[in-house]
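> have a look at this prediction, sequence included:
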Amino acid sequence: MERAYGAKPTLRELLEEIKNVTHDLPAFLTAPLYRRRHLHWGASPEEIHRALPGDGLLRRAQFNATRAMTIEAPPETVWPWLVQVGCRRAGWYSNDLLDNLGRPSATTIVPSLQHIAVGEWVPMSPSRAPSETTAFRIHSFEINQWLLWTKPDSTWVWQLAPTTDNGTRLVTRTRAVYDWRHPLMAVLGVLLMEFGDFAMIRRMLRGIKARAEPPVRNAGRPTGANGMRSAAHH
């Protein structure tokens, strides 16, 4: 039986979350050393240069990352996992210890979180009063095609493109501006994006893949560091 999403972690789950963060620690600490490579992790040259929704909103972005992964499930199966993300929602399918109060991200589709509307918050912190510093807003979307989140200093878009074998090419792009007129916020942005972004988005992509693909696709694969069937590196 699946546990209810949002439940406090069991001791076993908490230990697994600590293990996951420890496993990803080298990526957190060394990301700036291979920045050029990880900014395009998994993405093809065409995907890197493809125009995506939100590209024109921050023309002077100092951080511009396009990552991608192939998921063996159609876009309409992947889409519900994206629309329910958020802290105190279904989680981020990433390092729950760091971005979801330690509460395990949902492993099922949550019907009550499937309705989205332009202007709604996508919280990144447990604050009960989301703001432009603690949450994204849904800027625009096309169901089963793309979803754009924005903040004053960053944009985050997801594109779902069908593949010829009934799968999905999931492409995500994050763009951010470091506003040095506000030094503390700029430093925080550098730490989050330059050190934290790659490890978290890589685990998130793998988490979505593991959840969206039919169980038969995952049969026989070794269990990865996230406690779920490991996803292939695309």
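Yes, it's here.
> and the longest helix for the chain?
Criterion DSSP state H: the longest helix present in the chain is helix 11-30.
> got the contact list for it?
Helix 11-30 is contacted by residues 9, 95-98, 102, 104, 195-196, 198-199, 202-203, 225-227 when judged by CB atoms under 8 Å, 6 or more residues apart in numbering. C-beta: built from backbone N, CA, C; applies to glycine.
> report the buried residues of it.
13, 16-17, 20-21, 24, 27-28 (16 or more other CB atoms under 10 Å).
> using CSV, write down the CA coordinates of it.
The C-alpha trace of helix 11-30 is given here as CSV (Å, rounded to 0.1, in the frame of the first residue of the first chain):
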residue,chain,number,x,y,z
LEU,A,11,13.4,6.4,10.5
ARG,A,12,14.3,4.2,7.5
GLU,A,13,13.2,6.9,5.0
LEU,A,14,15.1,9.6,6.9
LEU,A,15,18.3,7.5,6.9
GLU,A,16,17.8,7.0,3.1
GLU,A,17,17.4,10.8,2.6
ILE,A,18,20.6,11.4,4.6
LYS,A,19,22.3,8.8,2.4
ASN,A,20,21.0,10.5,-0.8
VAL,A,21,22.4,13.9,0.3
THR,A,22,25.7,12.3,1.2
HIS,A,23,25.8,10.6,-2.2
ASP,A,24,25.2,13.9,-3.9
LEU,A,25,27.6,16.0,-1.8
PRO,A,26,30.5,15.7,-4.3
ALA,A,27,28.2,17.1,-7.0
PHE,A,28,27.2,20.0,-4.8
LEU,A,29,30.8,20.9,-3.9
THR,A,30,32.4,20.5,-7.3
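> what's the following helix or strand after it?
helix 35-38 (DSSP states H and E).
> and the contacts of stretch 129-149?
So stretch 129-149 is contacted by 52-54, 57, 75-76, 79, 82-83, 86, 116-125, 127, 150-152, 154-160, 185 (CB under 8 Å, 6+ apart).
> for ChimeraX, write the selection for the buried entries among the residues you listed.
What follows is the ChimeraX syntax for the buried subset of those, where burial is set by 16+ other CB under 10 Å:
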select :52,53,54,57,75,79,82,83,86,121,122,123,124,150,151,154,155,156,157,158,159,160
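> taking the contacts of stretch 129-149 one by one, which sit in helices?
Checking the contacts of stretch 129-149 against DSSP H, those in helices are 75-76, 79, 82-83, 185.
> could those residues be laid out in CSV, adding distance to Lys209?
Below are the ones in helices among the contacts of stretch 129-149 laid out as CSV (distance: CB to CB, whole Å):
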residue, distance to Lys209
Pro75, 13
Glu76, 16
Trp79, 14
Leu82, 12
Val83, 17
Met185, 33
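> which pair in those residues spans the largest distance?
Greatest spacing in those, by CB to CB: Glu76 and Met185 (38.1 Å).
> OK, contacts around Met193?
63, 154, 174, 176.
> one step back: closest one to Gly207 out of the ones in helices among the contacts of stretch 129-149, please.
Closest to Gly207, out of all of those and judged by CB to CB, is Leu82, at 11.4 Å.
> quick one: contacts for the closest one?
So Leu82 contacts 147, 158, 160, 208 (CB under 8 Å, 6+ apart).
> quick check on the last one: phi, psi?
With angles defined as degrees, to the nearest 10, Ile208 shows backbone torsions of phi -60, psi -40.
> that one reaches Tyr93, doesn't it?
Yes - at 5.6 Å, Ile208 and Tyr93 qualify as touching, with contact defined as CB atoms under 8 Å.
> where in the protein is pLDDT low?
1-5, 216-234 (pLDDT under 70).
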